[in-house]
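Asks: sequence first, predicted model second:
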Amino acid sequence: MVKDADGEAGMTINSGTTGETTESEHSFRRPLAEYVRSQALPVDKLGHQPRLYALTRLIGEGLAYDDDVVYAAAWLHDLGVFIGHRPEDPVALAGWDNVRYAMNHAPAVLLETGFPTTKVADVVEAIRTHQPHLRPVSLEGMILRDADILEQLGAIGIVRVTAKIGRDTRYPTFTAAAMTLRKALAELPDNLYLDTAKILARPRIALLKTFLRELDEEAQGALW
């Protein structure tokens with residue numbers, strides 16, 4: 001399987017079809033990725049999208065699903081968390097529904113980049129159910145949601161949380177960040193749907209457990 005810098009697959013073995021695809025069939029992918037890159041502020045918000053799509057390819061290996069839908073949803077699901085899209089007022093931000101925002105704005109972006117019109121609703125649905133507390137009704141949604149859960153575990157999960165300490169209202173202190181990681185460890189693994197995702201989660205869970213244990217030992221009750 002050969003992929004370009006945006007994770008575009010050269011064959012559709014995971015999309016329920018067989019054989020080679022033409023460049024035109026995936027022509028929406030590069031413009032879509034470039035659009036998200038242009039909007040992803042602060043800049044560290046960008047890495048989640050290509051990592052997430054790469055995880056969906058691993059989770060979906062051997063399954064018959066629409067990779068176009070998953071690709072588009074992976075790149076657009078967090079549109080509402082970018083500066084310029086989300087409100088900056090703290091009160092408004094506290095009640096902000098970034099998922100609803102992404103659902104409302106995804107169709108126009110998809111059509112502008114040449115995404116197949118018949119699949120737009122499927123992308124919106126996958127975005128709607130990508131959070132851990134929700135229940136996807138499509139395989140594409142399950143794959144996206146499981147991948148998003150994996151991103152919150154292991155080394156990547158640790159880096160994503162700790163990098164925001166002091167600049168994200170959710171993580172004003174080290175203790176607040178550690179509490180978020182403990183909650184992820186306690187709740188997220190049981191929310192995984194697909195067997196491959198559960199297997200991929202095992203080393204991430206082990207690493208996160210070790211990290212939190214070492215954190216407690218080193219902090220000696222004074223993490224702050």
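Replies: Everything's here; your move. Residues are numbered from 1 along each chain as shown.
Asks: so what's the gap between stretch 41-54 and the chain middle?
Replies: 8 Å (C-alpha atoms, centre = their mean, to the nearest Å).
Asks: distance between the ends of that stretch?
Replies: Stretch 41-54 stretches 21 Å from its first residue to its last (C-alpha to C-alpha, to the nearest Å).
Asks: next one: stretch 162-171
Replies: 8 Å.
Asks: who's in contact with Leu185?
Replies: Contacts for Leu185 were tallied using C-beta atoms under 8 Å, 6 or more residues apart in numbering; they are Leu153, Ile205, Leu208, Lys209, Leu212. Placement of C-beta: from N, CA and C, glycine included.
Asks: list the ones among those that fall in helices.
Replies: Ile205, Leu208, Lys209, Leu212 (DSSP state H).
Asks: residue contacts, the last one?
Replies: What that stands for is Leu212. Contacts of Leu212 (C-beta under 8 Å, 6+ apart): Ala178, Leu181, Arg182, Leu185.
Asks: narrow those residues to those in strands?
Replies: With strands defined by DSSP state E, no entry of those lies inside them.
Asks: from the residues you listed, which is closest to Arg51?
Replies: The shortest approach to Arg51 among the contacts of Leu212 belongs to Leu181, at 17.8 Å (C-beta to C-beta).
Asks: need the contact list for the closest one.
Replies: Gly157, Ile158, Val161, Leu208, Phe211, Leu212.
Asks: ok, now with 6 Å
Replies: With contact set as C-beta atoms under 6 Å, 6 or more residues apart in numbering, Leu181 has these partners: Val161.
Asks: this structure: strands as residue ranges?
Replies: Going by DSSP E, the chain shows no strands.
Asks: residue ranges with poor pLDDT in it?
Replies: 1-25, 93, 96 (pLDDT under 70).
Asks: how about the helices in it?
Replies: For the chain, the helices defined by DSSP H cover 29-39, 48-59, 67-76, 90-94, 98-112, 120-128, 139-150, 154-162, 174-187, 195-219.
Asks: most tightly packed of those?
Replies: Across the helices of the chain, averaging neighbours per residue (mean count of other C-beta atoms under 10 Å) puts helix 67-76 on top, at a mean of 28.
Asks: what are the C-alpha coordinates of that helix, in CSV please?
Replies: Provided in CSV are the C-alpha atoms of helix 67-76 (Å, rounded to 0.1, in the frame of the first residue of the first chain):
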residue,chain,number,x,y,z
ASP,A,67,-12.4,5.1,2.9
ASP,A,68,-13.4,8.3,1.2
VAL,A,69,-16.0,8.9,4.0
VAL,A,70,-13.5,8.1,6.7
TYR,A,71,-10.8,10.3,5.2
ALA,A,72,-13.0,13.3,4.9
ALA,A,73,-14.4,12.9,8.4
ALA,A,74,-11.0,12.5,9.9
TRP,A,75,-9.8,15.7,8.3
LEU,A,76,-12.9,17.8,9.1
